[in-house]
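Enquirer: Sharing a sequence plus its predicted fold:
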Amino acid sequence: MDINEAKKIFEEIAEKNKDRHTNSLLGIEGEKAHGYRVLSWVEKLEPEAPTELRIAGLFHDIDRIANPEHATGSKFDRTSQEYLDHKKAHAKRSADVTKSALLGAGAEPSFADRVSFLISHHDDTESEVMACRDNDLDVLVAADSLSYFDSLAENTLKNFGEKQLRGKVQFMLSKMPVRFRKILKDMRLENPLINQIKEETLANL
């Protein structure tokens, strides 16, 4: 299976669920855009990324498209254990949806397992990510975090305020592998408050 085949599956899942109520503020189209944005970051960070990693980038949050009723992360304190548990459950559902879709399209079980593994760990803590000792997982986690800052942080601030933004920034940065943090440090964000919170959080990690 190649990335173009995977994109067709991704689009089919989104089309199937486009009329369902979703708790995601981004909506189906916004969640799709985020998937493609993370894929883009994967390809920037790792130009020779294997297909399994590229697919994991695209599908990592497919749970919010396939199971929109579960898109309830915004109700939690982003620094709480409850939020961490919610994120792990979300990652597992995304992995399960992806594995089922890939197998249904004829992918080899070992291929589907690899993609599922990466997705299931994309919202782990930094220590859990490090324990996996997996370069592809490092890239996926970094791509997700970088995508948040260049396209989604503004949404968090607008809809939930500074306190929730600080919690989300802490979560996204604390899981990001250290070797990729310099990219974010060098990234100048347009919103001065978001940029300030990013800098303060990086300095305290």
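Expert: Noted; the coordinates are in hand. Only a predicted model underlies this, so the values are computations on that prediction, with no experimental measurement involved.

Enquirer: from here on, contacts and neighbour counts on C-alpha atoms
Expert: Noted.

Enquirer: which residues sit against the longest helix along the chain?
Expert: Secondary structure assigned by DSSP state H gives helix 81-104 as the longest helix of the chain. Outside helix 81-104, the residues that touch it by C-alpha atoms under 8 Å, 6 or more residues apart in numbering are 6, 9, 59-64, 66, 70, 73, 76-78, 109, 112-113, 115-117, 119-124.

Enquirer: which of the residues in it are buried?
Expert: 83-84, 86-99, 101-102 (16 or more other C-alpha atoms under 10 Å).

Enquirer: Could I have the buried ones of the contacts of helix 81-104 as PyMOL selection syntax?
Expert: Here is the PyMOL selection string for the buried members of the contacts of helix 81-104, based on 16+ other C-alpha under 10 Å:
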select buried, resi 6+9+59+60+61+62+63+64+66+70+73+78+112+113+115+116+117+119+120+121+122+123+124
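
Enquirer: Tell me which of the contacts of helix 81-104 fall in strands.
Expert: Using DSSP state E, no member of these falls in strands.

Enquirer: tell me the centre residue of this structure?
Expert: Here the mean C-alpha position of the chain is nearest to the C-alpha of Asp144 (C-alpha atoms, centre = their mean), at a distance of 4.2 Å.

Enquirer: Can I get stretch 91-103 in PDB? Just the C-alpha atoms.
Expert: The C-alpha coordinates for stretch 91-103 follow below in PDB (Å, rounded to 0.1, in the frame of the first residue of the first chain):
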ATOM      1  CA  ALA A  91      -4.800   7.200  20.400                       C
ATOM      2  CA  LYS A  92      -5.900   3.600  20.800                       C
ATOM      3  CA  ARG A  93      -9.200   4.200  19.000                       C
ATOM      4  CA  SER A  94      -7.400   6.000  16.200                       C
ATOM      5  CA  ALA A  95      -5.000   3.000  15.900                       C
ATOM      6  CA  ASP A  96      -7.800   0.500  15.900                       C
ATOM      7  CA  VAL A  97      -9.800   2.400  13.200                       C
ATOM      8  CA  THR A  98      -6.700   2.700  11.100                       C
ATOM      9  CA  LYS A  99      -5.700  -0.900  11.400                       C
ATOM     10  CA  SER A 100      -9.100  -2.100  10.500                       C
ATOM     11  CA  ALA A 101      -9.300   0.200   7.500                       C
ATOM     12  CA  LEU A 102      -5.900  -0.900   6.200                       C
ATOM     13  CA  LEU A 103      -6.500  -4.600   6.600                       C
END
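
Enquirer: give me the low-pLDDT residue ranges for this structure?
Expert: 72-74 (pLDDT under 70).

Enquirer: does the residue sitting furthest away from the middle of it sit in a helix or strand, and which one?
Expert: The centre of the chain is farthest from one residue, Gly106, which by C-alpha atoms, centre = their mean lies 25.0 Å away. In this structure, Gly106 is located outside every helix and strand according to DSSP states H and E.
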